[in-house]
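1. Provided below for reference: sequence and predicted model.
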Amino acid sequence: MAWRKVARLDALRDGGVVGVEVDGTPVALFRIGGEVHATHGICTHALAFLKDGHVEDGTIECPLHQGVFDIRTGKALCAPLTRDLATYAAKVEGGEVFIDLD
Ligand code: FES
């Protein structure tokens, strides 16, 4: 695994989403309760940044056409989405968030 430090934990609001770029890849970071999750940062339907979306009940709603993904699994939950979202391993150590893009 190749863990990369991507953010401070206190930069993530519980129930919120933050966009970061890791080695040129846009990534969306989520904090849900005590968990941190990471997904690809761009919707699988068209060019929309999920950092601008709406988080609710463990899902992210795309800001462009309101497609909804499960944050934990990346599963596309409704139309117009037809492809799931890539997810990445995430962990917190010493107040810092690490993800593994591999
Ligand atoms: Fe995300 Fe269309 S760009 S649902």
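-> All right, it came through fine.
2. Could you check how far residue 70 is from residue 51?
-> The gap separating residue 70 from residue 51 is 17 Å, by Cβ to Cβ, to the nearest Å. Placement of C-beta: from N, CA and C, glycine included.
3. Also residue 31?
-> 13 Å.
4. which of the two has more neighbours?
-> residue 31 (23 against 19; other Cβ atoms under 10 Å).
5. Name the residues of the host helix or strand of the more buried one that are buried.
-> Applying DSSP states H and E as the criterion places residue 31 in strand 25-32. Neighbour counts over strand 25-32 (16 or more other Cβ atoms under 10 Å) mark 27-32 as buried.
6. For stretch 66-84, the averaged confidence score.
-> Averaging pLDDT along stretch 66-84 yields 98.
7. how about the CA coordinates for that stretch, as CSV?
-> Listed next in CSV are the C-alpha coordinates belonging to stretch 66-84 (Å, rounded to 0.1, in the frame of the first residue of the first chain):
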residue,chain,number,x,y,z
GLN,A,66,-28.5,14.7,-8.8
GLY,A,67,-27.2,11.2,-9.3
VAL,A,68,-26.6,9.6,-5.9
PHE,A,69,-23.7,7.4,-4.8
ASP,A,70,-23.1,5.3,-1.7
ILE,A,71,-20.0,6.9,-0.1
ARG,A,72,-18.7,3.7,1.5
THR,A,73,-19.0,1.5,-1.6
GLY,A,74,-19.2,3.9,-4.5
LYS,A,75,-22.3,2.2,-5.7
ALA,A,76,-24.4,4.2,-8.1
LEU,A,77,-27.9,4.3,-6.6
CYS,A,78,-30.1,6.0,-9.1
ALA,A,79,-30.4,7.4,-12.7
PRO,A,80,-28.8,8.9,-14.6
LEU,A,81,-25.8,7.1,-13.2
THR,A,82,-24.8,3.8,-14.8
ARG,A,83,-21.3,3.4,-13.4
ASP,A,84,-20.1,3.1,-9.8
